[in-house]
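Asker: I would like to see how this sequence folds:
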Amino acid sequence: MTGLLAGARPHIVEVATAVPPQSYTQTEVLDLYGMADPRVRSLFANSAIERRHLTIPPVEAGTGRPRTESQGELLAKHRESGLAMGAEALEKVVKQSGASLSDVAYLACVTTTGFLTPGFSARLIREVGLSHTCSRSDIVGMGCNAGLNALNAVAGWASTHPGELAVMVCIEACSAAYVFDDTMRSAVVNSLFGDGAAAVALIAPQDPASPQDPAPREVPSRPDGARRPEILKFASCLIPEALEAMRYDWDDEHGKFSFFLDRDVPYVVGANAEDVIDRLLAGTGVLRSEVAHWIVHSGGKKVIDSVMVNLGLTRYDLRHTTGVLRDYGNLSSGSFLFSYQRLLDEGQVRPGDYGVFMTMGPGSTIETALVRW
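Answerer: Down below sits the predicted model:
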């Protein structure tokens, strides 16, 4: 799927993130769970991750290890931790946008680490006090790529509702999806994912000549004077032959849901990265060499390296991606927004710069977006 956005092009007004208060080094996690297998310890040590925020239960008396959580307890963690992180990120992004909670006209919530009915969108509306007339949607179960899938939907809504504030919140309590055992399958997942939420606010500028609103809302400026990027285009790529390479499904042995990541995932993603980027840039007049900023999902060291090699990027190009992986691990759908926040904080963006967002996940899927400051 490709296409330039029709109508008023939405601008990314602000981004905000939130994480649980507890964080652990890789060694601390291993020691906490008594992981002595040298293969598992090597996997954790060579993950390019130094620290992650996780919600881990207290150490159980008599065992010296955190209590094993039932599937029901994991779902409760997903709900409670997710709602706390999501509310914090949502309130921060609205405040940073210079708006009030009553201004939010559309809310999209993204998650893959649990299932709720009603979902996070309804719960956040009640939790933070958004208008009961706020339009909403929940994107559930799409995986690490889902942040851009939802951003596409939010951008479409914003472009047809100029002047209205739309917000997307990615909520991933990945520690609510962990299975602890001695298998390498579980170790791969447990070494990689962290908990976090990220929110992004969008507004499409309203035509001053529009008779619908005598006082049209403008896209606000950032406090530092930097421009808000406009979203130009999205492009997607589904790789059907790798449908089972990344999945979150039921594990009969443990009686829980669990993640599975095939060892060939980095190579599948890398082999298809160039094609989807070429389609993203097709018809825009933008060359790959003219893209100044690359915001790529922190999927893991091998995934990042594969994308870098196949797209001819440098480690500097992906510095924010690798930095987020180092400090937070893989945050699933919200990872790219943590990297985007670091780009803005760096203060290196200039008017006219182009940027590419890129996420990867189950399907296997690659999602991309082109923005311009």
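Asker: Distance check, residue 237 against residue 95.
Answerer: Per C-beta to C-beta, to the nearest Å, residue 237 is found 36 Å from residue 95. C-betas here are computed from N, CA, C, even on glycine.
Asker: Mind checking which of these two has more residues around it?
Answerer: The residue with more neighbours, out of residue 237 and residue 95, is residue 237; 22 against 13, by other C-beta atoms under 10 Å.
Asker: wait, what's in contact with that one?
Answerer: Taking C-beta atoms under 8 Å, 6 or more residues apart in numbering, we find residue 237 in contact with 272, 275, 276, 279, 365, 366, 367.
Asker: On the three-state scheme, residue 106 is what?
Answerer: Here residue 106 is strand, with the state taken from DSSP: H, G, I helix; E, B strand; the rest coil.
Asker: That one and residue 156 touch, don't they?
Answerer: No - Residue 106 sits out of contact with residue 156 when judged by C-beta atoms under 8 Å, with a separation of 10.2 Å.
Asker: Which parts of this protein are strands?
Answerer: Under the criterion DSSP state E, the chain contains strands at 2-4, 11-18, 23-25, 51-53, 104-111, 135-140, 165-172, 196-203, 230-238, 246-251, 256-261, 291-296, 354-361, 365-372.
Asker: Just give me how far stretch 26-46 sits from the chain centre.
Answerer: 26 Å (C-alpha atoms, centre = their mean, to the nearest Å).
Asker: So for that stretch, mean pLDDT?
Answerer: Mean pLDDT, computed over stretch 26-46, is 94.
Asker: Tell me the spacing between residue 43 and residue 22.
Answerer: Residue 43 is 22 Å from residue 22, by C-beta to C-beta.
Asker: ugh, typo on my part, it should be residue 167
Answerer: 26 Å.
Asker: Adding distance to residue 89 as columns, could you present the strands of the chain in TSV?
Answerer: Listed next are those as TSV, based on distance: least, C-beta to C-beta, whole Å:
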stretch	distance to residue 89
strand 2-4	29
strand 11-18	4
strand 23-25	17
strand 51-53	13
strand 104-111	11
strand 135-140	16
strand 165-172	6
strand 196-203	4
strand 230-238	20
strand 246-251	22
strand 256-261	23
strand 291-296	17
strand 354-361	17
strand 365-372	20
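Asker: Of all those, which one comes closest to residue 180?
Answerer: strand 256-261 (10.2 Å; C-beta to C-beta).
Asker: which helices and strands sit right next to the closest one?
Answerer: helix 71-96, helix 184-190, strand 246-251 (3 or more C-beta pairs under 8 Å, 6 or more residues apart in numbering; DSSP states H and E).
Asker: What pairs with that strand, parallel or antiparallel?
Answerer: Using DSSP bridges, strand 256-261 pairs in its sheet with strand 246-251 (antiparallel).
Asker: How about residues contacting the partner strand?
Answerer: 112, 141, 143-144, 177, 179, 256-262, 265, 361-364.
Asker: Tell me the buried residues in that strand?
Answerer: 246, 248, 251 (16 or more other C-beta atoms under 10 Å).
Asker: Identify, from those residues, the entry nearest to residue 100.
Answerer: residue 248 (36.3 Å).
Asker: Okay, and the beta partners of that closest one?
Answerer: residue 259.
Asker: Give me the residue at the spatial middle of this structure.
Answerer: Central residue of the chain (C-alpha atoms, centre = their mean): residue 334, 1.6 Å from the mean position.
Asker: What's the per-residue pLDDT of that residue here?
Answerer: 98.
Asker: ok, back up a step: which one of the helices and strands packed on strand 256-261 lies nearest to residue 162?
Answerer: helix 71-96 (18.6 Å).
Asker: tell me which strands and helices the closest one is in contact with?
Answerer: Going by 3+ C-beta pairs under 8 Å, 6+ apart, helix 71-96 lies up against strand 11-18, strand 104-111, helix 120-128, strand 165-172, strand 196-203, strand 256-261.
Asker: how much space is there between residue 331 and residue 112?
Answerer: In terms of C-beta to C-beta, residue 331 sits 11 Å off from residue 112.
Asker: cool, residue 179 as well?
Answerer: Counting by C-beta to C-beta - residue 179 and residue 112 are separated by 15 Å.
Asker: quick one: which of those two has more around it?
Answerer: Per other C-beta under 10 Å, whichever of residue 179 and residue 112 has more neighbours is residue 112, with 25 against 20.
Asker: Fine by me, thanks again.
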